Each structure stands twice: as C-alpha cells, then as structure tokens.
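[1] here is a sequence with its predicted model. Questions after.
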Amino acid sequence: QVQLVESGGGLVHPGGSLRLSCAASGLDDYTIGWFRQAPGKEREGVSCITSRGGITYYADSVKGRFAISRDNAKNTVYLQMNSLKAEDTAVYYCVADRSSFADYACRGSGDYWGKGTLVTVSS
C-alpha cells in the first residue's frame, strides 16, 4: 500500500532548526522529495532525493541550509532545515515521483502526495 506520512513540523524562531520526516511505504523505487506551499505563493519543489539516495536536488532558496537524506531500511526520508527564515513558513508536503532524476522530480507534479505538515518560522 502506497502511503506518505509527514511529521516534524511546528513553530520555530528565525535562525532555528527543524527536521521533517516522511514515512514512505511501498515506494522503494521512487524519487522522494519535499514541496512547500505558502499562502499566496506558488508551490515550490524544495528538495528531492533519488531512490538509492545517490542524487539530490535543492532549490536555490534553500541551498546550504537544508539537507535531504534517505534511510531505505526505515522507509523514511528526512529534511533537515537549518537557519530557518520567515519566508520558509509553509505547509511542507512529502511527494513521490516515478522519475529517476531528482531535479525533474522537484520540478514536476508528483505521483503521490502526503497530507502535509505546517512549518511556521516566527519570533
């Protein structure tokens, strides 16, 4: 059964850190990524990682601050978010894509989506 369940969102001060987790069942051969949607803004593919974890993609807006990783033994993908800014505030979605290319997956519309977790960066 295909399932994507996000966790780890919450309220954090600017400059703080959060780690999001995505439990991905039945998606071993998929590229998994994180998209975000803020009110009044376009959806953005933040970061994606290929099925074996060898290739990653990051949006320019998060390069150097976010890190994606994948533990296939635990069927879990993580997004470590550091140096958070107010503009990182959004609902973050875990997305699975059949593409073998991380950049393509992060620019696409995804094949499976989780329900999302809210990240709020505010003082």
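    Thanks, I have the structure now.

[2] which stretch of helix or strand covers the closest residue to F35 other than its chain neighbours?
    Leaving aside its chain neighbours, F35 sits nearest to Y93 (4.8 Å; criterion: CB to CB, 6 or more residues apart in numbering). C-betas here are computed from N, CA, C, even on glycine. Using DSSP states H and E, Y93 sits in strand 90-97.

[3] and that strand, what does it pack onto?
    strand 3-7, strand 18-25, strand 31-37, strand 44-49, helix 102-107, strand 112-113, strand 117-121 (3 or more CB pairs under 8 Å, 6 or more residues apart in numbering; DSSP states H and E).

[4] and if we set it to 7 Å?
    strand 3-7, strand 18-25, strand 31-37, strand 112-113, strand 117-121 (3 or more CB pairs under 7 Å, 6 or more residues apart in numbering; DSSP states H and E).

[5] please consider this matter closed, and thank you.
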